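**Student:** Sharing a model prediction with you, sequence too.
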Amino acid sequence: MQQFTVPQFLDIEDKIIGPITVRQFLILLFAFMLIALSYRFLTFITFLVVGVIIFCVSGIFAFLKVNGMPFHYFILNLLQSVKRPGTRVWNNEFQKYLIGTDEKVVVESNPIAVKEERLNTSRLAELSLMVDTQGSYGGEDGNETVITTTKEKGT
């Protein structure tokens, strides 16, 4: 059997100029091009303000890491979670508004008493056997039910 070397550290980017990676170099190159354009077309005071802002933003995007991932991935994940949050929060206050008025009527319901039953290990083993056999094992009571499935032939 042949032995192969398995690549490691796949998430580390290649360095091209000292400690600067290709992604960082391209971000900084684009930022310096924008700064050069702003120098060419703006007044000097406006150029200084815009140049400092572009320099800071590009430095943040090039070098800052949040939880070990580059900043632009963090921004993309942030925008995605703001646009479509994964956690849904249920407001359990049931409020009914009367038609034509601003009054709220809060409906109170009596909580249902739930019998808390502690299961011992033999009962848990029996329940897991019922789940594993898909209900064909009926339990210790002897009321064994057999579930048959029929497959329909496709036409």
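**Tutor:** Now that the structure is in, tell me what you want to look at. Numbering: from 1, shown residues only.
**Student:** Which residue ranges of this protein form helices?
**Tutor:** All helices of the chain, identified by DSSP state H, fall at 22-41, 44-63, 71-83, 121-132.
**Student:** Least confident of the ones you listed, on average?
**Tutor:** Least confident of these, judged by mean pLDDT, is helix 121-132 with a mean of 80.
**Student:** buried stuff in it?
**Tutor:** Buried positions in helix 121-132, judged by neighbour count with 16 or more other C-beta atoms under 10 Å: E126. C-beta: built from backbone N, CA, C; applies to glycine.
**Student:** Stretch 46-65 now?
**Tutor:** Applying 16+ other C-beta under 10 Å to stretch 46-65 flags F47, V50, G51, I54, S58, F61, A62 as buried.
**Student:** thinking the last one is in contact with Q24, fair?
**Tutor:** Yes: taking contact to mean C-beta atoms under 8 Å, the distance of 4.3 Å between A62 and Q24 places them in contact.
**Student:** follow-up on the earlier one: which of the buried residues of stretch 46-65 lies closest to T121?
**Tutor:** Closest approach to T121 among the buried residues of stretch 46-65 (C-beta to C-beta): F61, at 56.3 Å.
**Student:** ok, now which ones touch that closest one?
**Tutor:** Taking C-beta atoms under 8 Å, 6 or more residues apart in numbering as the criterion, F61 is in contact with I27, P70, F71, H72.
**Student:** Scan those residues and report the most crowded one.
**Tutor:** For the contacts of F61, the largest number of neighbours (other C-beta atoms under 10 Å) sits with I27, at 22 neighbours.
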